[in-house]
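Trainee: how would this look folded up:
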Amino acid sequence: MSYTAPNDAAIARILNETRRIALVGASPKPDRPSHGVMRFLLGRGYEVIPVNPGLDGQAILGQRVYARLADIPGRVDMVDIFRNAEAAGETVDEALALPEPPDTIWMQLGVVNEAAADRASRRGLAVVMDRCPAIEIPRLRL
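Mentor: A predicted model of the protein is given here:
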């Protein structure tokens, strides 16, 4: 199975079923998109775990930062990627290598990596590319 862009119903299902999100590329800077999206998701009741190797052990919006996906205790439902397209492929591979991979890989606006999406899709993960949950949630009235 290769990557097929999900329709609105599939995106709504993903966002309704997801509870725990690893946000890769999280920034403590309020003017960065990842910071605003993290704040939005926390405000919507999601558990958001920031991932940024340079900030390991610090906190963003009151949440402990982890260096890598593998360092997060427990399983995450979604990996939300705020990295460039090439780096997104590495993040997808890291997610696929977890003992319990997430249900969903979400690549943010402007992040498109078809090969990584295909790898995740073939493993049974839902994949969303070039979209933002902070835009999709209000758009879909979730």
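
Trainee: Quickly list what the spatially most central residue of the chain is bridged to.
Mentor: Closest residue to the average C-alpha location of the chain: Asp80 at 1.0 Å, with Cα atoms, centre = their mean. Asp80 has these beta-bridge partners by DSSP bridges: Leu23, Trp106.

Trainee: didn't it look like it was pressed against Val24?
Mentor: Yes - using Cβ atoms under 8 Å, Asp80 is in contact with Val24, at 6.9 Å. To be clear about C-beta, it is placed using only N, CA and C from the backbone, and glycine gets the same treatment.

Trainee: follow-up on the earlier one: contact partners for the residue nearest to the centre of the chain?
Mentor: Going by Cβ atoms under 8 Å, 6 or more residues apart in numbering, Asp80 touches 21-24, 37, 106, 108, 133.

Trainee: go again using 7 Å as the cut-off
Mentor: Shown in contact with Asp80 (Cβ atoms under 7 Å, 6 or more residues apart in numbering): 21, 23-24, 106, 108, 133.

Trainee: So which residues of the protein form strands?
Mentor: Along the chain, the segments classed as strands by DSSP state E run 20-24, 47-51, 59-60, 63-64, 78-81, 104-107, 126-128.

Trainee: by contact count, what packs against the fourth one?
Mentor: Translated: strand 63-64. Secondary-structure packing of strand 63-64 (3 or more Cβ pairs under 7 Å, 6 or more residues apart in numbering; DSSP states H and E): strand 47-51.

Trainee: coming back round to it: identify, from the contacts of Asp80, the entry nearest to Glu94.
Mentor: Of all these, Val24 has the smallest distance to Glu94: 8.5 Å, by Cβ to Cβ.

Trainee: tell me which residues form a beta bridge with the nearest residue to that closest one once chain neighbours are set aside?
Mentor: Distance criterion Cβ to Cβ, 6 or more residues apart in numbering; nearest residue to Val24, sequence neighbours excluded, is Val51 at 4.4 Å. Counting by DSSP bridges, Val51 forms beta bridges with Val24, Tyr66.

Trainee: Settle this for me: Val51 is touching Ser27, isn't it.
Mentor: No - between Val51 and Ser27 there is no contact under Cβ atoms under 7 Å: 11.1 Å.

Trainee: When these two are compared, which one has more neighbours?
Mentor: The neighbour count for Val51 versus Ser27, taken as other Cβ atoms under 10 Å, is higher for Val51 (28 against 19).
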